[in-house]
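*Asks:* Below are the sequence and a predicted model; questions follow.
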Amino acid sequence: MTETIQLALKTLEAQLNQPLETALEACARCGLCAEACHYYRAEPKVEHIPAFRAEQLRSVYRYEHDFLSRLFPVWTGAKKLDEPMLANLTEIAFSQCTLCRRCTVNCPLGVDTPLMMRAIRAMATASGTAPEILVMLADAAIEKGKDPSFYKEMFLEQIKEMEEQLRDVTGDENATIPVEKQGAKILYVPLAGAHTILPPAVVFNAAKEDWTLSIFEASNYGVFLADVNRAKQVAKRIVDEANRLGVKEIVIAECGHAYASYRWDVPNWFAGQFDFKVRSLIEVLGDYIREGKIKVDPTAIPEGVTYHDSCNLARNGGLIEEPRYVLKNVAQDFREMTPNKDEAICCGGGGGLVALAEYAERRIAAGKPKADQIKQTGAKVVVAACENCRLQIGDINEHYNLNVKTTAITDLVVRAMRLPKPLPGHEAEYLFEGEGAAIARE
Amino acid sequence: MLTFQLLALAGLLAGLYGIYIRYIETKRRALPADNSPLKGNPSHGIAYAFTKGMMPWAKESTRLHMIAYLRGIGFHIGIFTSIGALLISPFWRNLPPLLSSTLIWALTIGALLGAAGGLMRIIEHNLRGLSLPDDYFAVWLVTVWMAVSAVAVWNEAWMPAYYVLSAITLAYIPLGKIRHCLYFFFSRTFFGKFFGRRAVFPHPESMK
């Protein structure tokens, strides 16, 4: 047995807890999960049935753990793990499953196939066979956390420029983007890029929020690698920052995996050291609208708008009605996709897939069911509260000629706030009506 | 007859012991604590997982494959009837005729539904692609057991064969895929805890 295989098996053993063993044991191979998977919907073949994918790991588990399988491996399909099998498992887990859990909710037994796919990802990461780019991105984030001074100066300069833009578009000379503000109530954690800083900054300023911007980004590639050690190190940067600044709450940008991990995983990884409320920016937007802290014009967006439920936010995160509340307050013509909410079809961009160029063709092919859904709504704007979903929808928009615009919820809210000037890059969307613009300034 | 009854009893005890061992082994594994602040209620999620969540209309998969799902439900009802029938088998002769014929019908229907499932595994492309020898053996073993149960209720001459088959079927439960009967409970519980905590199931809107 090679060292690679030893490491992979050791990692499987280390992960074998009650939920994973249950997932490995419970499947009756009834095949009802087939249509739940967007890969199968896009290309119906046995290899795309979630149960089939999971079976590839089960065969390894049975060989190691099952009495009957040790005696008669053919009877139960048990196989000894070798390097080609590990390569096949790795490819399945990283390129044919977005960890969306749609198969789980459609399984009569509730088998958690994504949990098994995560186990494979962890095996691949530990044995050095995981996609290199994900490892590099995770490690780069960890390094950034070790010595932020290296890029901090440049970041602060960029923020200064953004602050100028903020003042320009809002017409508010006192508008700021505070960084490292001690004792602020909210630590807002953006993604890489001004598009997740400037629009929220508009909202926070309008709501007169006591906030500060994180110097780190919310993305966590350790999560995609299913490497808890790396994921914890990436998250620690923000946990430490929140502790250092003494904030009460961490607000995560519109990002599916970042929200799901900070809301549901990080409190477990840092048990006892994590005393922050975690909310998505979507929840904050909803509260501001509900409490009248920001004024939005419900007629500002007349074109048909549809919403794509990110799997990490909705099915895996519980944010189902919150985005709809916001959208119904800013969009005149809101149209649901069918199916939606907990039954929403994955766009195909989750699980780190958008970062893996080698699987782009497969990813776009698997986005066909989502493209069909979008087409059926006839909407012109597709809103997604997740960066990876937006990137994927952008790609399938182009590939399947959907002719839609993909946007974030915050962008629409800012548009409905009717600022005196549009945000950079959003000029074409704005209807400059003097009255509307005044609403935001009141 | 006593020998055959004891054989069936031995099969039952072996099956129960095997399942018990499986249960203990799984319970010995770590159960990760979840300290994330609640949004929903894990208990409500578990209740949902075993009740409304099992309804044929609760999931897209079962709505799409309603007949296959109901066939499976009927098959499993037949299996539980068969186990119940085994436990009262020494008293079959004393059953009122109505109860006796109901039992025969229930077991026959269960066996027919099982046979349909067994045939589907052979005919249907996806199911064939997913199936292992264990799957074919398990479904046909249980199907034949139910069929022989029905015949034995009707004709006492089949009792020895019935008890032998019962022993084999019950002893096989923890060894092969039939042990999903134990993991069903683990799986639906974890499902309920996970989605209940996150307020995905039951969806708060559906509780209003």
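*Replies:* Okay, I see it. The structure displayed is predicted, hence computed values, not measured ones. Numbering: from 1, shown residues only, chains lettered A, B, ... in the order given.
*Asks:* Now the residue nearest the centre of chain B: which helix or strand?
*Replies:* Nearest residue to the geometric centre of chain B (Cα atoms, centre = their mean): B:His76, 4.6 Å. Here B:His76, judged by DSSP states H and E, is contained in helix B:66-87.
*Asks:* in that helix, what counts as buried?
*Replies:* Of the residues in helix B:66-87, those buried under the neighbour-count criterion (16 or more other Cβ atoms under 10 Å in any protein chain shown) are B:68-69, B:71-72, B:74-76, B:78-79, B:81-83, B:85-86. Yep, even glycine has a C-beta here, placed from its N, CA and C like the rest.
*Asks:* which residues are in contact with stretch A:237-245?
*Replies:* A:141, A:144-145, A:148, A:180-184, A:187, A:189, A:212, A:214-216, A:218, A:250, A:262, A:266, A:270, A:273-274, A:276 (Cβ atoms under 8 Å, 6 or more residues apart in numbering or on different chains).
*Asks:* run the last query once more with 10 Å
*Replies:* Residues from elsewhere that reach stretch A:237-245, judged by Cβ atoms under 10 Å, 6 or more residues apart in numbering or on different chains: A:141-142, A:144-146, A:148, A:180-184, A:186-187, A:189, A:212, A:214-218, A:220, A:232, A:247-250, A:252, A:258, A:262, A:266-267, A:269-270, A:273-276, A:278.
*Asks:* follow-up on the earlier one: which pLDDT value does the model give the residue nearest to the centre of chain B?
*Replies:* Here, the pLDDT recorded for B:His76 equals 97.
*Asks:* For it, give me its contacts.
*Replies:* Taking Cβ under 10 Å, 6+ apart as the contact definition, B:His76 lies against A:28, B:110, B:113-114, B:142, B:181, B:184.
*Asks:* Then A:Ala175?
*Replies:* In this structure, A:Ala175 makes contact with A:163-169, A:201-202, A:204-206, judged by Cβ under 10 Å, 6+ apart.
*Asks:* Tabulate the buried residues of helix B:66-87 (CSV), appending distance to A:Gly286.
*Replies:* Putting the buried residues of helix B:66-87 into CSV (distance: Cβ to Cβ, whole Å) gives the following:
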residue, distance to A:Gly286
B:Ala68, 41
B:Tyr69, 37
B:Arg71, 44
B:Gly72, 41
B:Gly74, 45
B:Phe75, 46
B:His76, 43
B:Gly78, 50
B:Ile79, 48
B:Thr81, 51
B:Ser82, 53
B:Ile83, 51
B:Ala85, 56
B:Leu86, 57
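*Asks:* if we take these, which one ends up nearest to A:Leu57?
*Replies:* Distances from the buried residues of helix B:66-87 to A:Leu57 were compared by Cβ to Cβ; the smallest belongs to B:Gly72, at 24.1 Å.
*Asks:* Assess the claim that the closest one and B:Gly110 are in contact.
*Replies:* No. With the criterion set as Cβ atoms under 10 Å, B:Gly72 and B:Gly110 do not qualify as a contacting pair; they are 11.3 Å apart.
*Asks:* For residue 166, give me its contacts.
*Replies:* Let's take chain A. Applying Cβ under 10 Å, 6+ apart, we find A:Leu166 in contact with A:159, A:172, A:175-177, A:197-199, A:201-202, A:204-205, A:419, A:423.
*Asks:* let's do chain B instead
*Replies:* When contacts are counted by Cβ under 10 Å, 6+ apart, B:Ser166 is found next to B:4-5, B:7-9, B:11-12, B:15, B:82-83, B:85-86, B:89, B:145, B:148-149, B:152.
*Asks:* Against chain A, which of these make the cut? List them.
*Replies:* Of the entries in the contacts of B:Ser166, none also sits close to chain A under the rule Cβ under 10 Å from any Cβ of the partner chain.
*Asks:* These, buried ones only, as a PyMOL selection?
*Replies:* Applied in PyMOL, the following selects the buried portion of these according to 16+ other Cβ under 10 Å:
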select buried, chain B and resi 4+5+7+8+11+12+15+82+83+85+86+89+145+148+149+152
